[in-house]
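Novice: What follows is a predicted protein model with its sequence.
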Amino acid sequence: MHWQPKPGTTLSTQILAEACQCVETLGGQKDGRWRSVLTFYRPMQRDANVPVEHPRDFLGLSLQEQPAKYYFILRSNRMVVEADASIQVVMEKLQSYKARVILNFEGFQYKLGDFQVRVGKCVPSTSEALRGIMMEIEYIPLSSIEKSRQVLEEFFDIWQETISKKSLPGHFMHIDSNFGDYGLRDLYTSQHTAVQYATCMAQLIAAVRA
Amino acid sequence: MECVVQGIIETQHVDALEILLEGLCGIPKEQVRIHELCLKSGPNLGVVPSEVHLLCDLVQPMPSWTVRHVGGAMRGAGADQMSVLVRTVVDSKVSHNVLRFFYCLGYKLDHEMLKAGFAFSFNRGAQITVSVTSVHKMPRLHATEDAIPITPNINMVEITAPATAENYNEVVIAISSFSEYLAPLLHLSKPGASAGIVPTASAAAASLMSNSAGKPV
């Protein structure tokens, strides 16, 4: 989920602090830090004027819970690729795509009964400028997306009710990712998480532009 | 980084080489069946043209994919004097949609082949792998089942071992010493500098085969 600010308002770390407080109000216990790194890869062209067939960009993602893996997401082709972390070295050596923008997702992880909740900010690697606020909710006992849908929806409702009491300028929004388009099944994997990051990123970019 | 030497052997002597390797390594052989696709960057993509290899291991019931980037060989007077090539190699295991991924990025298939044979992996001063394979071409795109040997009478032998910038000298020594055991059957040299087949191969193979035939099972 990403934070959708009200039109005309700006993001602030205060929202993040309030969101963390809300998780604690619900009984969430801090369970360490949360950090993921999202990279925008852009093609390196020999001649910028020649039209190209390849995508304008694609995403690379490293997840805290899968330190040995790396994920690529091509939204235009509805594709997610899982690879060993060494694929980043391969990409560097090929010199065909360059890591242009690197965004860090940093925050805290909470244990809340059977749920794992993560709240954090999205900041570029080169500055402290706040680009977005993100939340991740995982229902640990189930891996089936369909079976866990109801329980997650109920959690989401409680969450919205709790955070709305803070009268913050905006709200958390969840956009469903169409996993089927990516060839992913009902059993939740880190590839599903990667697709969700891409969906969320598109929303964050749209929110910044709006 | 890896250290590598290659050589060729006549197919008729492969059985003898297998007996020799089995004796030297003391472990059973592993089957090798690798579908290798070489992709090159399309026009205008990348600062320089680039090449990437996709390897599909067909031995397992569920084929597994690896992306391999083979970098340049180590240069300099020291490297020239070595009988083993030291080069950078980066491998990454990937999901099965990797071919589509590279096509989407603007890479094109340059050629593909099937390497079928066997290998021995063991530790002898370094983690050495000796592979003996016959290189096949495909009559149709990706038709690995119908692959035909390119040189039916010749097999390729490759000895590789992973290395680091700190230990490659020791790995080179380990590969060179092991190569000497195989010298009666084949010459091993840096890739691209094939020394051909050795004249003593037939006699050495005959001797190995007769010794093996006399062994109690």
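Specialist: That came through, no problem.

Novice: Find the nearest non-adjacent residue to the spatially most central residue of chain A, please.
Specialist: Compute the mean C-alpha point of chain A, and by Cα atoms, centre = their mean the closest residue is A:Tyr197, 3.2 Å away. Distances taken as Cβ to Cβ, 6 or more residues apart in numbering or on different chains place A:Leu61 nearest to A:Tyr197, at 5.5 Å, with adjacent residues excluded. For glycine as for every other residue, the C-beta is placed from the backbone atoms N, C-alpha and C.

Novice: Isn't the one you found up against A:Lys69?
Specialist: No: using Cβ atoms under 8 Å, A:Leu61 is not in contact with A:Lys69, being 9.3 Å away.

Novice: The two: who's more crowded?
Specialist: Counting neighbours by other Cβ atoms under 10 Å in any protein chain shown for A:Leu61 and for A:Lys69 shows that A:Leu61 has the greater number, 24 against 19.

Novice: now that one, which residues is it bridged with?
Specialist: For A:Leu61, the beta-bridge partners under DSSP bridges are A:Leu38, A:Tyr71.

Novice: show me where the chain has helices.
Specialist: Chain wasn't specified; assuming chain A. Listed in chain order, the helices found in chain A under DSSP state H are A:13-25, A:87-94, A:145-164, A:190-209.

Novice: Chain B is the one I meant
Specialist: Here chain B has its helices, by DSSP H, at B:14-25, B:77-81, B:98-104, B:168-182, B:201-214.

Novice: pLDDT (mean, whole number) over the third one?
Specialist: It stands for helix B:98-104. Mean per-residue pLDDT for helix B:98-104: 96.

Novice: Next: the shortest one.
Specialist: The predicted model assigns helix B:77-81 a mean pLDDT of 83.

Novice: what would the helices of chain B look like in a markdown table with distance to B:Val130 and mean neighbour count?
Specialist: Shown next, in a markdown table, are the helices of chain B (distance: least, Cβ to Cβ, whole Å; neighbours: other Cβ atoms under 10 Å in any protein chain shown):
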| stretch | distance to B:Val130 | mean neighbour count |
| --- | --- | --- |
| helix B:14-25 | 6 | 18 |
| helix B:77-81 | 22 | 10 |
| helix B:98-104 | 27 | 19 |
| helix B:168-182 | 8 | 18 |
| helix B:201-214 | 15 | 14 |
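
Novice: roughly how far apart are the spatially most central residue of chain B and chain A?
Specialist: Centroid check for chain B by Cα atoms, centre = their mean gives B:Glu158 as the closest residue, at 4.2 Å. From B:Glu158 over to chain A the distance is 21 Å, taken as Cβ to the nearest Cβ, to the nearest Å.

Novice: Could I get the contacting residues of that residue?
Specialist: Contact partners of B:Glu158, counting by Cβ atoms under 8 Å, 6 or more residues apart in numbering or on different chains, are B:Val4, B:Val5, B:Gln6, B:Val130, B:Ser131, B:Thr133.

Novice: Please verify my assumption that the last one contacts B:Lys115.
Specialist: What it means is B:Thr133. Yes: with contact defined as Cβ under 8 Å, B:Thr133 counts as touching B:Lys115 (4.2 Å).

Novice: in chain A, what spans have low per-residue confidence?
Specialist: Chain A contains residues with pLDDT under 70 at A:208-210.

Novice: coming back round to it: what sits against the residue nearest to the centre of chain A?
Specialist: A:Ser36, A:Leu38, A:Leu59, A:Leu61, A:Ile73.

Novice: Repeat that for A:Gly107.
Specialist: A:Gly107 neighbours (Cβ under 8 Å, 6+ apart): A:Leu16, A:Cys20, A:Arg33, A:Trp34, A:Arg35, A:Arg118, A:Val119, A:Gly120, A:Lys121, A:Met134.
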